[in-house]
Each structure stands twice: as structure tokens, then as C-alpha cells.
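[1] pasting the structure only:
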């Protein structure tokens, strides 16, 4: 089973759809399941994980509705306010939906870089850990030290770093990112998505081989059983078509990577992480 572990849908006229904004002309339109089928068919993708794009419970309900209507959507990573005292009751309610498979707080948008370490947030993340329910981490490299602290406090949490923590590939950001990736990868319940890299490079002039050191470093640190492929469609369209995103990863994998290891990257790990049937 080939799984795209990270993609999005949105409908601009929904009240919760505040992003994308009109300046992002390439992706400022509706993107719904019917627009995605051709990419899945051409790339032999069986299931996808749809990830939230708005800080809204209403969007989460909208995505779960799409999942009910489309068999290829294997699961939804939604949004809930992890700082709210209403979280436990809301989480218990959503947990009843079979395709509710993960949560993602949008840490990259928080003014407080240490938001995830606030006592009320940690209290609710502990509930996730107790329920063996995974967390997606939308972060920049500056957040990695706080993710280390998070795992020191809640070592049983299962989580995945989205987009390799968004290194600034366009500016050849490396040393600090690479060091902190190595540090955080020591926590065995943490995984990493090989996704979203093309939009961290020069959108108009990226080169195929410039992604290789980043991809190789992630694989070296996390191993082949803690990585997942994600297209980040349609956000990727700001820089590349779906097929190009697949090619970027395919052609930059280590030559010695075995077939069974590639099967884990392209589906097996996502199936296990999100506990898909």
C-alpha cells in the first residue's frame, strides 16, 4: 500500500479558510478530492493522510466529512486547541470518528516559541500520550530544542516532525538544523516526514540535487523505519507539480536503500504511525 502521508484540502468560501491568501495565486482556489484523484492514480497512491490547514475545529469536521465520502482518505490530522480546558471533552468526542488519526498544533504560527511547553498544553498532550494518539509537529528549526524538552517531559508521546522542520534550503541552512535533528532523533517514538522541502528552496530555481544532503541526513538520523513520504499537495504547487515532488525524493534516496525500506518510506511507516486499518 502506497500512502501519501501529508496533503491538504480547502474550500475558499468556508468561514474558517483564512489561508491561502489571494497573493498566493497558484494555490488560491478550491482544492478538493476530485482535483487530486489523477495524481494518486498516476503515482499508484492508495491512501492519503489529510492534514489541517486552519486553526479551527470546524475545518477538522469538514475534513472528516470529506474522509467519510472518499475511501482513499485514510485519515485526518485535525486541529484542536491544546491550551484549552475544553480539550479533554472535545478530544473524547472526536476520538469516536474512525478516520480521526492525529492532531497538529500550528507551532510555526505561535508568537511564543516555547508554547508547547506551557503547563496547560503539556497536560493535554499527556492525554494524547495516554491514548497512544499521535501529534504532528509543524515547526521551524528554532523549535527543535523545545521538542527535545517536550520528549524529556513526555517520553511516551508518539509524534512526527512535518517537512523535516523546514530548513531554509534556499539559504543553505545546515549546521544548527542538522545538529538539532540528530539530537531530537534519539527519541524513538518520534518520526519525520520527508515532505515540504521543495517550498523551502528557491521556488522558481530549485535544483534536484540540492535536497540530497537534507534527505540523507534525515534518513541517517531517523533510520528507514521512522520516515514517511508526504507530497504537501497542493502547497507544493508553489514550486513543483506532484510528480516532481515524487521525483525529488526518488532520485535523492541513498543508493543502498533496499526495496523493503522504500516500502516503509512510501506507506508502511505511515500505516503503522497513524494506525490505519
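    Right, received. Where do you want to start? Fair warning: this is a prediction, and the values are worked out from it, not measured in the lab.

[2] quick check, central residue of the protein?
    residue 162 (3.8 Å; CA atoms, centre = their mean).

[3] I figured that one hits residue 6, correct?
    Yes: counting by CB atoms under 8 Å, residue 162 does reach residue 6; the two are 6.6 Å apart. To be clear about C-beta, it is placed using only N, CA and C from the backbone, and glycine gets the same treatment.

[4] ok, the residue nearest to the centre of the chain to residue 137 distance?
    According to CB to CB, to the nearest Å, residue 162 and residue 137 sit 6 Å apart.

[5] how about residue 211?
    Separation of residue 211 from residue 137 (CB to CB): 20 Å.

[6] have a look at those two and say which one is more surrounded.
    Neighbours of residue 211 and residue 137, each counted by other CB atoms under 10 Å, are more numerous for residue 137; the result is 25 against 21.

[7] tell me who's in contact with the closest residue to residue 207 other than its chain neighbours.
    Using CB to CB, 6 or more residues apart in numbering and skipping the chain neighbours, the partner closest in space to residue 207 is residue 201 (7.9 Å). By CB atoms under 8 Å, 6 or more residues apart in numbering, the contact set of residue 201 is 169, 170, 207, 210, 211, 239.

[8] in a helix, the second one, correct?
    Yes: remark: residue 170 belongs to a helix, assigned using DSSP: H, G, I helix; E, B strand; the rest coil.

[9] tally of neighbours for it?
    Other residues close to residue 170 by other CB under 10 Å number 14.

[10] wait, doesn't it sit right on residue 199?
    No: with contact defined as CB under 8 Å, residue 170 does not reach residue 199; the gap is 9.6 Å.

[11] pick the one among the contacts of residue 201 closest to residue 223.
    Nearest to residue 223 out of these is residue 211 (CB to CB; 19.0 Å).

[12] distance of the closest one from residue 17?
    Residue 211 is 30 Å from residue 17, by CB to CB.

[13] gap between the two ends of stretch 235-247?
    Separation of the first and last residues of stretch 235-247 by CA to CA, to the nearest Å is 16 Å.

[14] which parts of it are buried?
    For stretch 235-247, the neighbour count (16 or more other CB atoms under 10 Å) marks 235, 236, 237, 238, 239, 240, 242, 245, 246 as buried.

[15] could you list which residues are in contact with the nearest residue to residue 195 once chain neighbours are set aside?
    If you skip the residues right next to it in sequence, residue 195 has residue 230 as its closest partner in space, 3.1 Å away by CB to CB, 6+ apart. Counting by CB under 8 Å, 6+ apart, residue 230 touches 4, 5, 6, 7, 49, 162, 163, 193, 194, 195, 196.

[16] now, the residues you listed that are in strands?
    Counting by DSSP state E, the part of the contacts of residue 230 found in strands is 4, 5, 6, 7, 49, 193, 194.

[17] what's the PyMOL syntax to select whichever of those residues are buried?
    Buried subset of the ones in strands among the contacts of residue 230, written as a PyMOL selection, criterion 16+ other CB under 10 Å:
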select buried, resi 4+5+6+7+49+193+194
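
[18] which one of the ones in strands among the contacts of residue 230 is nearest to residue 35?
    Each of these was scored against residue 35 by CB to CB, and residue 7 proved nearest at 11.0 Å.

[19] where does the closest one land on pLDDT?
    Residue 7 is assigned 98 on the pLDDT scale.

[20] spit out the contact partners of the residue nearest to it when sequence neighbours are not counted.
    Excluding the flanking residues, the one nearest residue 7 by CB to CB, 6+ apart is residue 233, at 4.6 Å. Shown in contact with residue 233 (CB under 8 Å, 6+ apart): 4, 7, 8, 31, 36, 39, 242, 245.

[21] and if you look at residue 16?
    By CB under 8 Å, 6+ apart, residue 16 lies in contact with 54, 56, 58, 59, 62.
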